[in-house]
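Peer 1: Quick check, what structure comes out for this input:
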Amino acid sequence: MRRAITRDGAAVAYQTAGRGTPLLLLAGQANTHHWWDGVREDFEDGYRTITLDWLGTGASDKPDRPYSTRGFAADAVAVLDDLGVERAHVYGTSMGGRVAQWLAADHPERVGALVLGCTSPGGAHGVERDNTVRRSLAQPDREAARRALLDLMYTPAWTATHPGPQQTLGDPELPGFARRRHLAASAGHDAWDALPGITAPTLVIHGTDDRFNPAANAPLLAERIRGAALHLVNGARHAYFEEFRALASPAVLTFLDGEVTG
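Peer 2: Next comes the predicted model:
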C-alpha cells in the first residue's frame, strides 16, 4: 500500500501486484480496490495491476468536498506519476469506466488500450436505470436496499452458492458524506462530447441483463468511440466481471494481449 498526492494535496492509497505491462484497474462508485479481489489474479501473470481507493474510501483521504469523474481521472494520473508509469492499459468498470473515459480523453498519452465495463457516457445521451431500480435502492430499510443492490449485481444462482461477503456492494466504512459525494460524481458524469476524441484502442464490455447500468449504454459507447469493439456477456448483471469471470476475463485479456503484441 502506497499513497500518491493529488494536485490539491489529498492522498490517494494505491496497490500493485503482478508483473509486466502496467494495467490500471478502476473500481465502481463508493468502492475500494477490493472490488477487484475476485478477478485480479486473472491479469497478474502478464500485467502489473494497479488499483486505488477513490477519495472518500478505504485508506485514501476523505475530504468533504465535491468529487467528479474527471477529478478522479486526475487522481489516477497522480498514482501513475507516483509509480513512474508513463503509460498503462486502463480497465474501468461502472463509475470506474466513467473515470476511464476522462482519463483517455484528457490524458491520451497515458493510456495504451482502454476497456470500458458496465458503464455509461452519462448526461442526456446515457440510458438511466428505471424508477423501479431507483426506488429499490433508495428505500429506508438499509438491509432491504442492500438485498436490492445484491440482486442488481448478481443472478440468484450466484448468490445462492456465493454467500459472501461480496466486495462490490460499497466500502462498509464509507462516511455518509462521501457516499453522497460519490453518487453526485457518478450522476454528474457527461463525457459524450469527449468520446469521439478518444484515440486509444477500446473494448466496451457489458452484461446483457444489467439493469443497474442498463446494457443499452454499451452500443452507445462503442458507436461513439472510433473503432471500438463491443462484447456482450449473455445473462450477466452488473458484476459481470466476477460472476461471469470465465467469459469476461479471457475476453479482456485477448483484447489487451492483442494490443501488447500488435
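Peer 1: Would you mind listing the buried residues in stretch 64-76?
Peer 2: By neighbour count on 16 or more other CB atoms under 10 Å, the buried set for stretch 64-76 is Tyr67, Ser68, Thr69, Arg70, Gly71, Phe72, Ala73, Ala74, Asp75, Ala76. C-betas here are computed from N, CA, C, even on glycine.
Peer 1: Kindly indicate which of those residues lies nearest Asp37.
Peer 2: Relative to Asp37, the closest of those is Ala76; by CB to CB it sits at 19.2 Å.
Peer 1: I figured the closest one hits Trp102, correct?
Peer 2: No. Between Ala76 and Trp102 there is no contact under CB atoms under 8 Å: 9.1 Å.
Peer 1: re the thing from before, filter the buried residues of stretch 64-76 down to the ones in helices?
Peer 2: Thr69, Arg70, Gly71, Phe72, Ala73, Ala74, Asp75, Ala76 (DSSP state H).
Peer 1: Mind listing what's buried along the longest helix along the chain?
Peer 2: Counting by DSSP H, the longest helix found in the chain is helix 245-261. By neighbour count with 16+ other CB under 10 Å, helix 245-261 contains the buried residues Leu247, Ala248, Ser249, Ala251, Val252, Leu253, Phe255, Leu256.
Peer 1: now do stretch 231-250
Peer 2: Buried residues in stretch 231-250, counted by 16+ other CB under 10 Å: 231-233, 236-244, 247-249.
Peer 1: cool, and stretch 1-19?
Peer 2: Buried residues in stretch 1-19, counted by 16+ other CB under 10 Å: Arg3, Ala4, Thr6, Ala10, Ala11, Val12, Ala13, Tyr14, Gln15, Gly18.
Peer 1: residue ranges of the helices in the stretch 51-200 of the chain, please?
Peer 2: With DSSP state H, counting those that start in this stretch as the criterion, the stretch 51-200 of the chain has helices at 69-83, 95-106, 131-138, 142-153, 156-161, 176-187.
Peer 1: Return the most buried member of those.
Peer 2: Highest mean neighbour count among the helices of the stretch 51-200 of the chain (mean count of other CB atoms under 10 Å): helix 95-106, with a mean of 28.
Peer 1: Keeping just the C-alphas, turn that one into CSV.
Peer 2: These are the backbone C-alpha positions of helix 95-106, laid out as CSV (Å, rounded to 0.1, in the frame of the first residue of the first chain):
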residue,chain,number,x,y,z
MET,A,95,-18.1,4.5,-12.2
GLY,A,96,-14.5,3.4,-12.9
GLY,A,97,-15.5,3.2,-16.6
ARG,A,98,-16.8,6.8,-16.5
VAL,A,99,-13.5,7.8,-14.9
ALA,A,100,-11.6,5.9,-17.6
GLN,A,101,-13.4,7.8,-20.3
TRP,A,102,-12.0,11.1,-19.0
LEU,A,103,-8.6,9.5,-18.4
ALA,A,104,-8.4,8.5,-22.1
ALA,A,105,-9.9,11.8,-23.3
ASP,A,106,-7.8,14.2,-21.1
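Peer 1: elements contacting that helix?
Peer 2: Contact partners of helix 95-106 among helices and strands, from 3 or more CB pairs under 8 Å, 6 or more residues apart in numbering; DSSP states H and E: strand 21-26, helix 69-83, strand 88-93, strand 111-117, helix 176-187.
Peer 1: which residues sit against that helix?
Peer 2: Residues from elsewhere that reach helix 95-106 (CB atoms under 8 Å, 6 or more residues apart in numbering): 25-29, 35, 69-70, 72-74, 76-77, 90-92, 110-111, 114-122, 182, 185-186, 189, 191, 194-195, 197-200, 202.
Peer 1: Next: stretch 163-183.
Peer 2: By CB under 8 Å, 6+ apart, the list of residues contacting stretch 163-183 reads 28-32, 34-35, 37-38, 53-58, 62, 64-67, 95, 146, 149-150, 153-154, 238-239, 242.
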